[in-house]
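**Q** Here is my input, please return the structure:
(one chain, ligands or ions: 1)
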Amino acid sequence: MSSLPTKFSSPPLLPGFVSALEESLGRNVKPTPIQALSLKWLFENNLKEQADGQQKWKEFLLASETGSGKSIAYLLPLLQGLKVSEKPISTPNSESISTKPVSAPEHAPRALILAPTHELARQLSGFAKSLLHDVKLRIMCASRANARNRDQPGFSSEVTAGVSISPSTASPASFPVDVMVGTPVRLMEMIRGRGWDWERASEKESRLQDEERKRERETDPWDTTEPKSVKSLFSNRKRVASKELGLENIEWVIVDEADVLFDPDFQETTRQILADISAARGVPMPEAASTPTSYPFNLVLTSATIPTSLSTYISTHHPDLIRLASPRLHRLPKTLKTEYVAWTHGTASNARWRDVERQVREIWQDDVKEASFQAQGSNKGQPKLSKVLIFVNKSVKVDELGEYLDGKGIKTVALTGKSEDRKKGSNHHLDGFLRERGRRRSHLRDSDSNATALNTSPTSLDPSQAPHVLITTSLLSRGLDFSPEIKNVFIVDEPRNMIDFIHRAGRTGRAGEKGRVVIFGKMKGRGSLRSEEVKKRVGVLSGGASGKRK
Ligand SMILES: Nc1ncnc2c1ncn2[C@@H]1O[C@H](COP(=O)(O)OP(=O)(O)OP(=O)(O)O)[C@@H](O)[C@H]1O
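**A** Just a heads-up that it's a prediction; the model follows:
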């Protein structure tokens, strides 16, 4: 362990990556434990092999607690690997383009990043882009917002590093994409050809992604067995449109949130994509192989939790995969405090919502007290109130709670798999809740007065005008890097299992910041045994620290 790198330095990293990291995360940024492991094993070894001319395809698992920086842990080796082996970009007049077959797919990236939701795909592509201010590579998010109109060729304004492509000037050939980020379903659409029933595909994707809908059966809340597989997403589809994504150039595949993407719901699609890439690169995979699989590309899986299904998949198919795990895997981040709140008005929905409202208001009262204590006589104006992220188990409860709080003058964003806003493909429905990183933010940090002026207009500070509460199901519990303004996560319904709990709780207390998880439950009398059990199990995840009961 002593030989693990303790700083990001160049070399081995290209100087542009070090400056981008410092710009985004601060001058004295140091690798987190999982990043140190990845720099050593994934990055340095790769360089050595490159130097010896003996490069082999690698398989890695990066496993560490939520908010511990797994994205950078894989992005650095990936982006540098692509940059170092980059070939000169073709110009529009070059031979390679003029001889390109008319039917060739629009994009032939060198890397794919798979994520379970389009919100995460979009955030990851933005995150990768923030590392590419100086080192230029092209990132594209394969979200629906970028999909071509069915009747109109061309593609819409897109995310690239350094270059913004607009529909009028965009030519995939003149701006070849290096990294494509997307959900398995959307990527499959691009690989196999869109047209195999777009509407049904999107409906099914929403259904798969909405944990509440796929797990709305009564189970032991601590049961981590996965739900039954759904039928193939692709069996009955017509393929009419041409393929948008060529796979023959792919050298890296990252499977983010691998435990979800290899669970029985997604596994078929994920593995189909891997098999398609393999075949495109000249190594067809035998059908229904339960034997070890060697893909002709680097494969990196990441996860904050390793359920049995993922572990079994890895042991069966990738016995040589190198597992890099941080010491705190399957623990809650150290900076996360857990608290328990008893239902005081009974457990019927409306009674519960009153307790939830009370807790939200208490947090804001504390914020006001804290702000006035800090201001001490100086007139600093309206205080900034914390944002609260609330998880419930069912979509119908998301809507109910949203309506209740809105009725009480607390503006909310209530999101389920079916929410219309999600279908637009951008992340605007999460504005104010997701973390913003990159040049703009670090510039704001350098000039606090400007930041204050920009972010604290009276309307944006007023929770009856600007949403300070986000309500959702487990749908948004995976991978999203929420703003540090979300200091409180409420777990209103009993968590279905500990894996689900870890991911929900882990939306706060990220990157060493303080966070608080409030777990509601029946704390006395009949039905309180469940809460006792929850408390015990959460205590184990926190390293034995017991939470406070109100
Ligand atoms: N070395 C570092 N120092 C400080 N902050 C960091 C560092 N590396 C990453 N971060 C920040 O930590 C936050 C969490 O990172 P990231 O989203 O990659 O975590 P994660 O491990 O993937 O979490 P999850 O399991 O929830 O997906 C991000 O805001 C990221 O910018």
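
**Q** and the stretch 401-550 of the chain, which residues reach the ligand?
**A** Within the stretch 401-550 of the chain, the positions lying close to the ligand (Cβ under 6 Å from any ligand atom) are Arg435, Arg437, Gly479, Asp481, Gly506, Arg510, Ala511. Backbone N, C-alpha and C define where each C-beta goes, glycine included.

**Q** at 5 Å instead, please
**A** For the stretch 401-550 of the chain, the contact set with the ligand under Cβ under 5 Å from any ligand atom comprises Gly479, Asp481, Gly506, Arg510, Ala511.

**Q** contacting residues around Thr412?
**A** Leu401, Gly402, Leu405, Asp406, Pro467, Val469, Leu470, Ile471 (Cβ atoms under 8 Å, 6 or more residues apart in numbering).

**Q** my bad, should have said Arg422
**A** Counting by Cβ under 8 Å, 6+ apart, Arg422 makes contact with His118, Glu119, Ser206, Leu415, His429.

**Q** can you name the two of those that are farthest apart?
**A** Farthest-apart pair in the contacts of Arg422 is Ser206 and His429; separation 13.7 Å (Cβ to Cβ).

**Q** Ala36: which of the residues of the stretch 401-550 of the chain next to the ligand is nearest?
**A** Ala511 (15.2 Å).

**Q** In contact with that closest one: list those residues for me.
**A** Counting by Cβ under 8 Å, 6+ apart, Ala511 touches Gly67, Gly69, Pro484.

**Q** can we see that at 7 Å?
**A** By Cβ atoms under 7 Å, 6 or more residues apart in numbering, the contact set of Ala511 is Gly67, Gly69.

**Q** Wait, Lys83 touches Leu14, no?
**A** Yes. Contact criterion Cβ atoms under 7 Å: Lys83 and Leu14 qualify, at 6.5 Å.

**Q** which residues are in contact with both of the two?
**A** The contact sets of Lys83 and Leu14 overlap at Val135 (Cβ under 7 Å, 6+ apart).

**Q** Would you convert the residues of the stretch 401-550 of the chain next to the ligand into CSV that also reports pLDDT, secondary structure and distance to Ser460?
**A** Converted to CSV, these look like this (pLDDT from 0 to 100; DSSP: H, G, I helix; E, B strand; the rest coil; distance: Cβ to Cβ, whole Å):
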residue, pLDDT, secondary structure, distance to Ser460
Gly479, 96, coil, 26
Asp481, 97, coil, 21
Gly506, 97, coil, 26
Arg510, 96, helix, 22
Ala511, 93, helix, 24
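
**Q** Any quick PyMOL command for the buried ones out of the residues you listed?
**A** Under the burial definition 16 or more other Cβ atoms under 10 Å, those of these that qualify are selected in PyMOL by:
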select buried, resi 479+481+506+510
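
**Q** Can you tell me which of the residues of the stretch 401-550 of the chain next to the ligand is nearest Val538?
**A** Ranked by distance to Val538 (Cβ to Cβ), those are led by Gly506 at 12.5 Å.

**Q** check contacts around the closest residue to the closest one other than its chain neighbours.
**A** Leaving aside its sequence neighbours, Gly506 sits nearest to Thr66 (Cβ to Cβ, 6 or more residues apart in numbering; 2.5 Å). Contact partners of Thr66, counting by Cβ under 7 Å, 6+ apart, are Ala304, Pro333, Ile502, His503, Gly506, Arg510.

**Q** Looking at those, spot the one nearest the ligand.
**A** Ala304 (3.7 Å; Cβ to the nearest ligand atom).

**Q** The ligand: which of the contacts of Arg422 is nearest?
**A** Taking Cβ to the nearest ligand atom as the measure, the ligand sits nearest to Glu119 out of the contacts of Arg422, at 12.1 Å.

**Q** For Lys408, see how far away the closest residue to that closest one other than its chain neighbours is.
**A** Among residues not flanking Glu119 along the chain, Asn427 sits closest, at 5.6 Å (Cβ to Cβ, 6+ apart). From Asn427 across to Lys408, the span is 27 Å (Cβ to Cβ, to the nearest Å).
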